[in-house]
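# mind looking at a prediction? Sequence and model below.
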Amino acid sequence: MKALALALLIASASAMASETARIDGRIVTTGMTTAEVLDRVGQPTVREDITNKFGAVLGQRWEYHDGRKMVTLWVQTGKVVRVDEQ
């Protein structure tokens with residue numbers, strides 16, 4: 001049972017968001033402004049609004065595809081608040 005719990009903990013840790021990612025050889029990190037990201041790595045492949053159930057925009061999800069890797073930036077109020085790599 002302990003081995004199963006440990007395996008689940010390790011698996012969930014690998015799926016967690018990080019604070020930095022490398023896109024086209026350049027570092028992007030949480031706290032950067034959207035202008036800094038666009039200047040450093042250019043336009044995202046996909047840009048999607050995140051809305052609540054009433055349609056109000058809460059932020060955006062930016063996807064960058066780099067070969068076999070995909071980096072997702074979660075943006076709120078003009079700043080990167082989360083970075084995911086897959």
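Sure, I can see it.

# what lines up beside the longest strand along the chain in the sheet?
As assigned by DSSP state E, the longest strand anywhere in the chain is strand 57-66. If you go by DSSP bridges, strand 57-66 pairs up with strand 46-51 (antiparallel), strand 69-76 (antiparallel).

# now render the ones you listed as JSON lines, adding mean neighbour count and mean pLDDT.
Using the backbone N, CA and C atoms, a C-beta is placed for each residue, glycine as well. Shown next, in JSON lines, are the strands paired with strand 57-66 (neighbours: other CB atoms under 10 Å; pLDDT from 0 to 100):
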{"stretch": "strand 46-51", "mean neighbour count": "12", "mean pLDDT": "98"}
{"stretch": "strand 69-76", "mean neighbour count": "18", "mean pLDDT": "97"}
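
# right, and those strands - which one's nearest R40?
R40 lies closest to strand 69-76 among the strands paired with strand 57-66, at 11.3 Å (CB to CB).

# one step back: mind checking which of the strands paired with strand 57-66 is nearest G59?
Minimum separation from G59 across the strands paired with strand 57-66 (CB to CB) falls at strand 69-76, 3.8 Å.

# helices and strands around the following helix or strand past that closest one, which ones?
Next helix or strand after strand 69-76 toward the C-terminus (DSSP states H and E): strand 79-85. Packing partners of strand 79-85 (3 or more CB pairs under 8 Å, 6 or more residues apart in numbering; DSSP states H and E): strand 20-23, strand 26-29, helix 34-41, strand 69-76.
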